[in-house]
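Trainee: Show me how the following folds:
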Amino acid sequence: MSDRAGMKMRASARWAVALSCALLTGAAGAATPGDNVSVVRDLASRVGPIVGSALACPEISHPRIQVIADKFRAVIREVSTNEAERDDVSRLFDRYVSDGRGSVSAGRVDCKSADRQLTDLETSISGPSLASVIGPSSANAAPAPVASVAPPPAPAAQTTVALATPTVAPAVPLGTMPAVRGVTDKEIRFGIAAPFSGSSRELGRQMKLGIDTAFNRVNETGGVNGRMLRLLAADDGYEPSRTLDAMKTLYDKDQVFGFVGNVGTPTAAIAIPYALERRALFFGAFTGSNILRNDPPDRYVFNYRASYAEETDAVVHYLIRIRKLQPRQIAVFAQADSYGDAGFAGVAKAFRTLGINDASILRLNYKRNTVDVDDAVSTLKAQKGQIRAVVMVATYRAAAKFIERTRDSWPGMIYSNVSFVGSTALADELMLLGPRYANGVIVTQVVPAVGGYSSAVMEYKNALAKYFPGEAPDYVSLEGYIAANVLIQAIRQTGPELTTEKLIDNLEGTRNLDLGLGTALNFGRSEHQASHKIWGTAIDENGKYTPLELD
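Mentor: Down below sits the predicted model:
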């Protein structure tokens, strides 16, 4: 950016800030509720880009930005006469914030200038609260008169601006729209942070494989609204200590639009705050943990799959009602971290739902990224044969090792795994030990049977064979494929002027999406999980999964 251009931009920014202050303290004071909304719409076009450009600069303290954003959202709530009006103005503000972020990404604004603009804005609103100087909503009493503050003289080229008219960004054709991170005329870049090394690497590889299959399929027909979809990967080894670096690589270096298919619960605990702070889409993660399922949901986090609580609830009901076990005969083998905690909490909740005391549930632990199950086996042996079923919240290698170590001593033990285990990898590990280790092992699924003939599964298998010949169908890659197709549908509906906020609005409008799964998929403002369906499967003596009725 040239010095002259920088000076012109800063002068324009100072003028806009001063004008915003004037509108806040002057014209708005005597306005009617409807006029107040118009004033705030106008302010959104001035404050939003400043907030957005600041958010794109890591060196600018986030709490400073949050104060501005919170104050402005308080104004929106104060002046809006109904919920629809409030939502409309909020979306407008979010769009201008997105435009501001894009200005930094495209090099039109540098971070020093963004910091100066933010400082000017902080100064301009450091007096009374914004809500107190904006005129009242229809439900409030009229305020005391507020003195008008005149803005400083504007540059000659800007004196024709109509101050009372809301500034709404006009629609622009593809190729001239404001720059959006990860979006060009030709492609949309997404990132996946997952294990591509270590003992859980097959989970990351399969999840990426499924997403790539869906992306390749749509790209072959011209992409989505003329853009190709591209998936960039970063390896975190399923270790939370590596997740932040993986996320930074994808966001800062690769400039991805959003994240899709991240793998794991303990890693999500690091990745989600990072994505939320940047208001980046976090979609279709391979985890059923409740940290992705807040109530109300986080705006930028969307799940395709059912939760671990729903999976474990289904299997506990199966064990007690169908297999006629007593609650004291059920134990939990769980990873000693937030993934294991989520699964254990699901079992405890299922017990409480059935009116059963959950205080005495036996938990058998192992350490993440290991197959050290010695302590778990010793604890099980101390129960002297009382346990007849183990609900497993583990990854495939640890689960296989636990079954190997206990199958001979407890030949009638029922083993049940949640879907995150990695179904194909688990079956392969067990069949290497011998059919008796695999036969009868249960895995709850959040996708239909890969050996079935539903339209979704047939489409997936045909695409997998076409783009990745030699790869066997797999439950994890099928989940990645389905999640990616839900995302593709929303991108298509959003149209060529793609931004995160517009995409999220379209996701939240998804109703009764039929991908051929046998269950409709839905999102809403209070529902960011598309499916609640659980399928039961069990491994046979040939290492193949067969359907299992859970109720």
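
Trainee: how far away is Tyr396 from Phe402?
Mentor: Distance, Tyr396 to Phe402, by CB to CB, to the nearest Å: 11 Å. C-beta: built from backbone N, CA, C; applies to glycine.

Trainee: And those two? Which one has more around it.
Mentor: Taking other CB atoms under 10 Å, Tyr396 and Phe402 do not tie; Tyr396 has more neighbours (25 against 22).

Trainee: quick one: low-confidence ranges for the stretch 51-200 of the chain?
Mentor: Filtered on pLDDT under 70, the stretch 51-200 of the chain yields the residue ranges 83-84, 105-106, 124-178.

Trainee: CA atoms only: put stretch 247-261 into CSV for me.
Mentor: What follows is stretch 247-261, C-alpha atoms only, in CSV (Å, rounded to 0.1, in the frame of the first residue of the first chain):
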residue,chain,number,x,y,z
MET,A,247,-5.1,-25.1,13.1
LYS,A,248,-2.8,-22.1,12.7
THR,A,249,-1.1,-23.7,9.7
LEU,A,250,-4.5,-24.2,8.0
TYR,A,251,-5.9,-20.8,8.9
ASP,A,252,-2.9,-18.5,8.6
LYS,A,253,-0.7,-20.2,6.0
ASP,A,254,-3.2,-22.1,3.9
GLN,A,255,-5.9,-19.4,4.3
VAL,A,256,-8.8,-21.8,4.5
PHE,A,257,-12.4,-20.6,4.5
GLY,A,258,-13.4,-23.0,7.3
PHE,A,259,-12.7,-26.4,8.9
VAL,A,260,-14.4,-29.6,8.0
GLY,A,261,-14.0,-33.2,9.4
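
Trainee: Any idea how far that stretch is from the middle of the chain?
Mentor: Distance of stretch 247-261 from the chain centroid (CA atoms, centre = their mean, to the nearest Å) equals 13 Å.

Trainee: Only the buried residues of that stretch, if you could.
Mentor: 247, 249-251, 254, 256-261 (16 or more other CB atoms under 10 Å).

Trainee: With stretch 389-408 instead?
Mentor: Within stretch 389-408, the residues scored as buried using 16+ other CB under 10 Å are 389-404, 406-407.

Trainee: cool, stretch 238-248 as well?
Mentor: Buried residues in stretch 238-248 (16+ other CB under 10 Å): 238-240, 242-244, 246-247.

Trainee: same question, stretch 470-486
Mentor: The neighbour-count check on stretch 470-486 (16+ other CB under 10 Å) flags 473-486 as buried.

Trainee: likewise stretch 64-75?
Mentor: In stretch 64-75, counting by 16+ other CB under 10 Å, buried: 65, 68-69, 72-73, 75.

Trainee: what sits against Val441?
Mentor: Val441 makes contact with 403, 415-417, 426-427, 430, 538-539 under the criterion CB atoms under 8 Å, 6 or more residues apart in numbering.

Trainee: Pick the one among these closest to Arg299.
Mentor: Asn417 (32.3 Å; CB to CB).

Trainee: ok, how many other residues are close to that closest one?
Mentor: When neighbours are defined as other CB under 10 Å, Asn417 has 29 of them.

Trainee: How confident is the prediction for it, by pLDDT?
Mentor: The model reports Asn417 with a pLDDT of 97.

Trainee: check contacts around it.
Mentor: Asn417 neighbours (CB under 8 Å, 6+ apart): 392-394, 399, 423, 426, 441-444.

Trainee: out of the residues you listed, which one sits closest to Ile504?
Mentor: Of all the contacts of Asn417, Ile504 sits closest to Thr444, with 29.4 Å by CB to CB.

Trainee: The closest one: what's it in contact with?
Mentor: Thr444 touches 311-312, 314-315, 416-419, 534-537, 550, counting by CB under 8 Å, 6+ apart.

Trainee: Compare those residues and tell me which is most surrounded.
Mentor: Glu311 (31 neighbours).

Trainee: And the nearest residue to Glu429 once chain neighbours are set aside, which helix or strand is it part of?
Mentor: Leaving aside its chain neighbours, Glu429 sits nearest to Ala400 (3.7 Å; criterion: CB to CB, 6 or more residues apart in numbering). Using DSSP states H and E, the secondary-structure element containing Ala400 is helix 396-406.

Trainee: ok, the residue nearest to Glu429 to Leu426 distance?
Mentor: 6 Å.

Trainee: Could you list every helix and strand in contact with the helix or strand harbouring Leu232?
Mentor: Here Leu232, judged by DSSP H and E, is contained in strand 228-235. Applying 3 or more CB pairs under 8 Å, 6 or more residues apart in numbering; DSSP states H and E, we find strand 228-235 packed against strand 187-194, helix 201-219, helix 240-248.

Trainee: and these as a markdown table, adding distance to Ser45?
Mentor: Below are the helices and strands packed on strand 228-235 laid out as a markdown table (distance: least, CB to CB, whole Å):
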| stretch | distance to Ser45 |
| --- | --- |
| strand 187-194 | 26 |
| helix 201-219 | 34 |
| helix 240-248 | 31 |
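
Trainee: Check these for me and report the most buried one.
Mentor: Among these, strand 187-194 has the highest mean neighbour count (mean count of other CB atoms under 10 Å), at a mean of 25.

Trainee: Who are the packing partners of it?
Mentor: Other helices and strands packing on strand 187-194, by 3+ CB pairs under 8 Å, 6+ apart, are helix 201-219, strand 228-235, helix 240-248, strand 258-260.

Trainee: can you do 6 Å?
Mentor: Where contact means 3 or more CB pairs under 6 Å, 6 or more residues apart in numbering; DSSP states H and E, strand 187-194 is packed against helix 201-219, strand 228-235, strand 258-260.

Trainee: Among the ones you listed, which comes closest to Arg293?
Mentor: Closest to Arg293 of those, according to CB to CB: strand 258-260, at 16.6 Å.

Trainee: picking up where we left off before, tell me which of the buried residues of stretch 238-248 is nearest to Ala359?
Mentor: Using CB to CB, the buried residues of stretch 238-248 come closest to Ala359 at Pro240, 29.4 Å.

Trainee: circling back: just the contacts of Asn417: which are in strands?
Mentor: When DSSP state E is applied, those are split such that 392-393, 442-444 fall in strands.
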